[in-house]
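Participant: I would like the atomic coordinates for the input below:
(one chain, ligands or ions: 1)
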Amino acid sequence: MTQPIPFKITPLTIDDLSAAAAIETAAYATHPPQRDYRRELNSHLAHYLALRVLFTTLYDSLSDASLAKLIGVAGFWLLADEIHVVTIAVEPHWKGLGLGEWLFIALLEAGQAAGGQIATLEVRPSNQPALSLYRKYGFEETGRRKAYYNDNEDALILTTPLLAAPAYQAFLAAQKTAVHLRLSKITLDDSSLPPI
Ligand SMILES: CC(C)(COP(=O)(O)OP(=O)(O)OC[C@H]1O[C@@H](n2cnc3c(N)ncnc32)[C@H](O)[C@@H]1OP(=O)(O)O)[C@@H](O)C(=O)NCCC(=O)NCCS
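Facilitator: Numbers count the residues shown, from 1 in each chain. Next up is the predicted model:
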């Protein structure tokens, strides 16, 4: 039996829009993206996930969203069979705990469930935390877009191998178990965590 964890990942809803934008602004230390979340949520190509921390010990039975706080957001567009990662962001107080990785696994799973065969994304060469996360999940550099960002920094284009490959699926399942175990050790009254 898996241990309960005080976090949940659900689809992002219209009620999350301002909180999601605030998380991106806080999470991206420089150059936060200007995203029109309302338009994104109305696009049939776009899929967004919400990471929430739960305010109760009844984690598994929790259904009331008002008892949960948004602390992360991730999204992708499904372009034919390609999962194009649009964003992943964790509220700064909650970084470094395994939550971004958990959210990223959920994004890859949701992308595959929607029909994606490979995943691709653009990332700043200077964004070491994100690059490290992506490389951990098998993304490799397949190109570079010159002066892609509005401050003229280039973008690296990273792409995965075929996600359905048995070796990749086994890797993903093992990582999911390991991350879940890591998250199960987080206690919300731990004084090292921010107040919720
Ligand atoms: C990228 C991001 C979502 C990671 O979230 P997180 O919850 O802090 O990450 P996790 O604790 O789950 O760490 C997962 C992996 O990410 C990488 N990582 C996370 N923080 C890192 C850091 N400070 N330095 C280097 N690598 C880091 C590591 O590979 C780590 O795996 P490890 O624990 O085995 O070393 C978070 O840093 C963020 O919100 N960044 C700002 C938004 C952003 O730049 N998004 C990507 C746009 S392309």
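
Participant: residues from the chain in reach of the ligand?
Facilitator: Selection of the chain residues close to the ligand by CB under 6 Å from any ligand atom yields 27-28, 88-90, 95-101, 123, 127-130, 132-133, 136. No exception for glycine: its C-beta is placed from N, CA and C like everyone else's.

Participant: wait, what's in contact with the residue in the chain positioned nearest to the ligand?
Facilitator: Here the chain gets closest to the ligand at one residue, residue 100, 2.1 Å apart by CB to the nearest ligand atom. Going by CB atoms under 8 Å, 6 or more residues apart in numbering, residue 100 touches 72, 88, 90, 129, 133.

Participant: just the element for it, please.
Facilitator: Assigned by DSSP states H and E, residue 100 belongs to helix 99-113.

Participant: same question for residue 175.
Facilitator: Assigned by DSSP H and E, residue 175 belongs to helix 166-184.

Participant: in that helix, what's buried?
Facilitator: By 16 or more other CB atoms under 10 Å, the buried positions in helix 166-184 come out as 168, 172, 175-176, 179-180, 183.

Participant: please apply the same query to stretch 136-152.
Facilitator: Judged by neighbour count (16+ other CB under 10 Å), stretch 136-152 contains these buried residues: 137-139, 148.

Participant: with secondary structure and pLDDT added, can I get those in a markdown table?
Facilitator: As requested, these are exported to a markdown table (DSSP: H, G, I helix; E, B strand; the rest coil; pLDDT from 0 to 100):
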| residue | secondary structure | pLDDT |
| --- | --- | --- |
| 137 | coil | 98 |
| 138 | coil | 98 |
| 139 | coil | 98 |
| 148 | coil | 95 |
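
Participant: out of those, who's nearest residue 22?
Facilitator: residue 148 (24.7 Å; CB to CB).

Participant: mind listing what the closest one touches?
Facilitator: 122, 154-155.
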